[in-house]
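# need coordinates for the following:
(chains A and B)
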Number of protein chains: 2
Amino acid sequence: MNRAKWMWKYGEYEIYHNMLLHSRRQAFGVDYPSMWPVAAPAPWAEFQTNFSNEKPGYLKLTAVGTGYVVIDNERYGTEQRIEVQPGEHQVNVRIISPEGLVCAYVESDVCPSGEGWYTEALPKRLGEKMERQPVGCVPEYLDVHTTPEVFPFSYKRCDPVSKKQVEGGVLYDFGQETFGRLGIENCSAEEIMVYYGESQEEALAIKEAYLRESLRGQNIYYLRSRAFRYIFIKGNGLEDIRVYYDYEYLPLEEKGSFTCDDALLNDIWKVSAHTLHLNSREFYLDGIKRDRWVWSGDAFQSYMINNYIHFDKEIVRRTILALRGKDPVEAHINTITDYSLYWIISIMNYYHSYGDVEFLKYIYPKMQSLMDFCETRLNEDGFVEGAEGDWVFIDWSDIDKEGAVCAEQILLYAAYKALEDVAKLIGKPYEEYKGKAETLFADINSYYWNEEKGAFIDSYSSGKNHVTRHANIFALMFDFATEEQKQSIIDNVLLNDAITQITTPYFKFFEMDVLCKIGRLEYVTGAVRDYWGGMLKLGATSIWEEYIPELTGAEHYGMYGEKFGKSLCHAWGAGPIYLFGRYYLGVHAFSTAYQTFRVEPKLGGLGSIEGKVPVNGGTVWVKANEASVTVKCDVAGGTLIWKGREYEILPDVEVNITA
Amino acid sequence: MNRAKWMWKYGEYEIYHNMLLHSRRQAFGVDYPSMWPVAAPAPWAEFQTNFSNEKPGYLKLTAVGTGYVVIDNERYGTEQRIEVQPGEHQVNVRIISPEGLVCAYVESDVCPSGEGWYTEALPKRLGEKMERQPVGCVPEYLDVHTTPEVFPFSYKRCDPVSKKQVEGGVLYDFGQETFGRLGIENCSAEEIMVYYGESQEEALAIKEAYLRESLRGQNIYYLRSRAFRYIFIKGNGLEDIRVYYDYEYLPLEEKGSFTCDDALLNDIWKVSAHTLHLNSREFYLDGIKRDRWVWSGDAFQSYMINNYIHFDKEIVRRTILALRGKDPVEAHINTITDYSLYWIISIMNYYHSYGDVEFLKYIYPKMQSLMDFCETRLNEDGFVEGAEGDWVFIDWSDIDKEGAVCAEQILLYAAYKALEDVAKLIGKPYEEYKGKAETLFADINSYYWNEEKGAFIDSYSSGKNHVTRHANIFALMFDFATEEQKQSIIDNVLLNDAITQITTPYFKFFEMDVLCKIGRLEYVTGAVRDYWGGMLKLGATSIWEEYIPELTGAEHYGMYGEKFGKSLCHAWGAGPIYLFGRYYLGVHAFSTAYQTFRVEPKLGGLGSIEGKVPVNGGTVWVKANEASVTVKCDVAGGTLIWKGREYEILPDVEVNITA
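Reported below is the predicted structural model:
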């Protein structure tokens, strides 16, 4: 018999915490709700189970909300011990709560809450059966006194690394980008102002610092969780104050690693890891200072990177559920066309990593309804466009966005393919999506491929034949381009300096990904050193939202018209973790959920590389230089590919190949 | 310039209070959430307005939730006075709140919240415009300190009419069925039990009383609102306690009245009025003791009755919105097939009474999506059936419910007609619904009309050819039957004592309605005296959920296997108000919203009748006996029909016809 766990209607936990998360942002002391509507958790739930017991037992219901339990047709309230005679039993728990997350805990020696309990939905059609869905529950909530309304973060108390008096107050440096609850003790000042800074310049800029709080009248303060490296406290009589913070984090195991003979790249990996970890919370955030929201395109990259460091299925699953919200779909995810499409595509990526077919069954109708919404935005040529109020983002770049944009169509193609694949896997009709993908494939080639430019153009309706990297990167990334097109794109776009450079680590990551894919690792090694290394050389302790090498000094911190508007800890900056793990250590799933996987180490111009990569349920260790390679793994399914030859990797048997 | 009002996203106020309402039921001291899922209010809203001002002005935002206001591209927090320079302005308010009802109050001399503000939805299709919806606001919320989270009930302090010592405690009689918050003062007992009773027997039945509360440790108690006439307080040392209650009610004006020369009928009208008023709250309830929920079939009748007493558009609108909940439709309204169909039909009834075409535009998509859900329950013959988990209710009666049931099909027919009518009124394509209604009309006649029985049978698939009153009543009520069928139904069903009698005032009302419709008022006069009068003779101070004349004593109070399970104050009992107003005083709308209306007084075997009926914006007074009729009205549009002749009723001009 399992221990009882708190349980909820599957998916509601994510909806609830997503709602809380999106109500926490502030800017310049003003609350800043998300730009998009967020869904509310259902205020009502019914949980059921069936069991038989040979010995007498008992159960006791505790609930967030009010409600009752019915067993053997008798109704009982919460917090009552109910004796259960031997026999067959059906138990129903019904709970309502106008606030919070409706959930239940059944202490019992015959039917503890958690696995084995389910919720029911009415049949979709006459003649069909009620649909059962296992309840949501996770091992973090075994204790009846800690409800799932509290997210299980870990905390660690930390002191500043240094402090100094500055005009009007004291500046504290905590040594690196971090996140947590600031504590101030022994404060005799009647009134103080606290300014947070990801940079020292920001903390000291009392007009422009993005995060701040005005405090008065107490001796001890304990503030809400915020991002910072520097804290500037302004006020009089601060001589005796003690300042610390409780680092708030998700306790994730670092299952992946990477080192090489290039110290800068090692630092880039570490700073990337720090960046991703800070942004790994209830869900993958974009950035911890700003926006502290969940963005689908950003999360799409975090899922990829996660495979090479934490391999945490749960944060991916939670993020997918949170992003999708509830039906009916009334807007694109994050209001962005591309972000809806990434979400659909991400489901197959999740499946490919974790092999969770039950999740596919749950999520498939939501993929369909989101695609139905996307299809309300198709133009007469069958291409997706932005309707009034939609946002066609792609990237912060000068893309020609007139009419239907090529990058969106390739995402739409990949989304149709994902729907086709998921439908096949769960035994649903897939032909319609297959047909749509095929038609779209032909149409994209006919409307967007420009022979003269040897590339996909952004827009066919503007007449400008403008070429940017983005659509062409997608064409390689989603295996859309033919071999011939691919070569042309490499020459005419990717390695063509006349095509505008990418300025965000976001699309820089996609660009590096396809360059690695086509074997240009040496080029990528250099580009990562330049681009990510460029930030580190400017003192970054986490990777930024955007990096434009031409800027100088504090100019780097501005964005969106705000002097410190840029996020200096942006998840989409952590891409090198993926690149090093996927292409240098060369580990990747060859079949679903790493039942088979490949290890194809490549040096990319480096002298030596070393590291580990999580594979489902195990870890593969890799060490390579020009002369030799050593690989070990604690689970089966691996194949080493080294200099054109294949070697089976048996569990716990080191493979050592020397030239 | 209007005064500022609290505003919310249209429809959310009703969703919020519906959620609260359905979390309040208790039974035997145990919380009892509704049987069906209830919707949650949206935790996020954006309100917008545009205005231009010639003089400088200001605004200040107060919100339930956190958020900001943007004016002229500057963002400000709540509770800040913002100066507004002369010019053209666009204002956006965005609010999020993980609990409660998201709403906003803008104090301003240039753009006060309320009328003129709107919310936006994305276009449904590419090329369409953003959709604007005026915000929800009502005149009850002018005060910034009283948010719309508090429903604006009125209160009146009342004392018991009598009390007596009984074994173990004190029994209080409050004189009649009522509802409110019980107060107990000066209580020296350490522990007391409070039992509520709609009957004396119930209050004294400490094991079976439906409502109860255990109290301890205080001197003063103030309990939650509940229904009762009697209160039994059990405990020791109750000599000095003071017991009272605060009557909690919706302040509705009694715009209709009816008296005649039969004192029993006058009492029936009064008790019916008391019954309806007690059940008129946030929404129309079924009953104030049990279930205190909102049921669509029950509400459908309350809407009809409302026209002849309160003519309160707002409670009808609120109830329609609350019942419908939100998309996607995952179950029938109240889980009942017929109750979904009544809801669709009710929209045209609402329109017919109030002429509110803006509401039609808002609600039509919700009518469609509910019908889409109903159509997932169509069998191969095109008739609606109950799928697993659906409830085919119709009435508490021995209807043959095998397969598709006739009464449901006639409701489905009427629902298609309502969709057709609404679509026409708002300029949407209606042909599909028209076609479906026509096909269904033919099919119902071919499958359910039984020539031998001269009536519609319940089920065609059972082979039993069972006839009940219900489907046949609907055939007349919804003008479904041909003249020939009508006559046959009257003889073979309505006036045939061999057909099982109806036991609920619910369907008794529909039965009386069609009997009046076919002119059998004398019969109805007698039936109302017998049936409703039967309850009054047993001491009823409000009308019951069910009345079976054959029962005796406290047997009358039992239902659903509970000794006091019956509701003794059930809204569906108030039908006589409608009957007397509609058929005896004879007032009814002849065109939408009473732009023209008819007054056709009929005595129904009575010596004299007198009363008033609200017509939109006015009142018509009627007085009639065999020899003469007097009619007066303060608005235009009326026509008196008396003994086959028509007389125009001019505003404020008494029409007096003497034989």
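# chain B versus A:E253, what's the distance?
Distance of A:E253 to chain B, given as Cβ to the nearest Cβ, to the nearest Å: 31 Å. Yep, even glycine has a C-beta here, placed from its N, CA and C like the rest.
# need the phi and psi values for the closest residue to A:Y10 other than its chain neighbours.
The shortest distance from A:Y10 to any non-neighbouring residue, by Cβ to Cβ, 6 or more residues apart in numbering or on different chains, is to A:G136 (4.3 Å). A:G136 adopts backbone torsions of phi -80, psi 140, taken as degrees, to the nearest 10.
# specify the beta-bridge partners of A:G136.
Here A:G136 shows beta-bridge partners A:W8, assigned using DSSP bridges.
# that one contacts A:W6, doesn't it?
No. Counting by Cβ atoms under 8 Å, A:G136 does not reach A:W6; the two are 9.2 Å apart.
# which residues touch A:E648?
If you count contacts by Cβ atoms under 8 Å, 6 or more residues apart in numbering or on different chains, A:E648 has them with A:G638, A:T639, A:L640.
# ok, these vs B:G604, which is closest?
Checking the contacts of A:E648 against B:G604 by Cβ to Cβ gives A:G638 as the nearest, at 91.1 Å.
# so the closest one sits right up against A:V615, yeah?
Yes. Counting by Cβ under 8 Å, A:G638 does reach A:V615; the two are 7.2 Å apart.
# which residues do these two both contact?
Common contacts of A:G638 and A:V615, defined by Cβ under 8 Å, 6+ apart, comprise A:F597.
# who has more neighbours, A:G136 and A:W6?
For A:G136 versus A:W6, the count of surrounding residues by other Cβ atoms under 10 Å in any protein chain shown is larger for A:W6: 28 against 23.
# name the nearest residue to the more buried one, ignoring sequence neighbours.
Nearest residue to A:W6, sequence neighbours excluded (Cβ to Cβ, 6+ apart): A:Y141, at 3.9 Å.
# over to A:P505?
A:G573 (4.1 Å).
# what's the spacing between that neighbour and chain B?
In terms of Cβ to the nearest Cβ, A:G573 sits 27 Å off from chain B.
# burial of that residue, as a residue count?
A:G573 is flanked by 34 other residues according to other Cβ under 10 Å.
# what do you get for A:N307?
Here the number of neighbours of A:N307 (other Cβ under 10 Å) works out to 28.
# against A:E452, how distant is the closest residue to it other than its chain neighbours?
What sits nearest to A:N307 in space, not counting adjacent residues and going by Cβ to Cβ, 6+ apart, is A:S353, at 5.8 Å. Counting by Cβ to Cβ, to the nearest Å, the separation of A:S353 from A:E452 is 40 Å.
# swap in A:E408?
Using Cβ to Cβ, we find A:E408 at a distance of 23 Å from A:E452.
# give me the more crowded residue out of these two.
Between A:E408 and A:E452, counting by other Cβ under 10 Å, A:E408 is the more crowded of the two (28 against 7).
# what sits against the more buried one?
The neighbours of A:E408, taking Cβ under 8 Å, 6+ apart as the test, are A:T337, A:D338, A:L341, A:F383, A:V384, A:E385, A:V392, A:I394.
# mind checking which helix or strand it is in?
A:E408 is part of helix A:406-425 when elements are defined by DSSP states H and E.
# hmm, back to that, please verify my assumption that the residue nearest to A:P505 contacts A:S272.
Yes. With contact defined as Cβ under 8 Å, A:G573 counts as touching A:S272 (6.6 Å).
# and the lengthiest strand in chain A, what does it pack onto?
When chain A is parsed with DSSP state E, its longest strand is strand A:169-185. If you count contacts as 3 or more Cβ pairs under 8 Å, 6 or more residues apart in numbering or on different chains; DSSP states H and E, strand A:169-185 packs onto strand A:154-158, strand A:162-166, strand A:191-197, helix A:200-204, strand A:221-234, strand A:242-249, helix A:263-279.
# of those, which is nearest chain B?
Judged by Cβ to the nearest Cβ, the one of those that comes nearest to chain B is strand A:221-234, at 12.1 Å.
# helices and strands around the closest one, which ones?
Helices and strands touching strand A:221-234, by 3+ Cβ pairs under 8 Å, 6+ apart, are strand A:169-185, strand A:191-197, helix A:200-204, strand A:211-216, strand A:242-249.
# partner strands of the longest one, with direction?
Spelled out, that is strand A:169-185. strand A:162-166 (antiparallel), strand A:221-234 (antiparallel), strand A:242-249 (antiparallel).
# same list (those) but as JSON lines, adding mean neighbour count and mean pLDDT.
JSON lines is the format used below for the strands paired with strand A:169-185 (neighbours: other Cβ atoms under 10 Å in any protein chain shown; pLDDT from 0 to 100):
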{"stretch": "strand A:162-166", "mean neighbour count": "12", "mean pLDDT": "96"}
{"stretch": "strand A:221-234", "mean neighbour count": "21", "mean pLDDT": "98"}
{"stretch": "strand A:242-249", "mean neighbour count": "18", "mean pLDDT": "98"}
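# take the ones you listed and lay them out in TSV including distance to B:E511.
As requested, the strands paired with strand A:169-185 are exported to TSV (distance: least, Cβ to Cβ, whole Å):
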stretch	distance to B:E511
strand A:162-166	85
strand A:221-234	63
strand A:242-249	66
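# could you pull out the strands in the stretch 351-500 of chain A for me?
For the stretch 351-500 of chain A, strands defined by DSSP state E, counting those that start in this stretch occupy the ranges A:449-450, A:455-456.
# likewise for the stretch 1-150 of chain A?
A:26-27, A:30-31, A:44-53, A:57-64, A:66-71, A:74-76, A:82-84, A:87-96, A:103-108, A:118-121, A:131-134.
# for the record, mean pLDDT for the second one?
Strand A:30-31 carries an average pLDDT of 96.
# centre of the chain to that strand, how far?
25 Å (Cα atoms, centre = their mean, to the nearest Å).
# now for that strand, which elements pack on it?
strand B:66-71, strand B:74-77.
# which of those strands is buried the deepest?
Neighbour counts (mean count of other Cβ atoms under 10 Å in any protein chain shown) averaged over each of these peak at strand B:66-71, with a mean of 21.
# is it anywhere near chain A?
Yes. Using Cβ under 8 Å from any Cβ of the partner chain, strand B:66-71 reaches chain A at B:T66, B:G67, B:Y68.
# just confirm the second one contacts B:I96, I think it does.
What that stands for is B:G67. Yes. Assessed by Cβ under 8 Å, B:G67 is found in contact with B:I96 at 6.2 Å.
# joint contacts of those two?
With Cβ under 8 Å, 6+ apart, B:G67 and B:I96 have common neighbours A:D31, A:P33.
# which non-adjacent residue is nearest A:V144?
Spatial nearest neighbour of A:V144, excluding adjacent residues (Cβ to Cβ, 6+ apart): A:Y105 at 5.0 Å.
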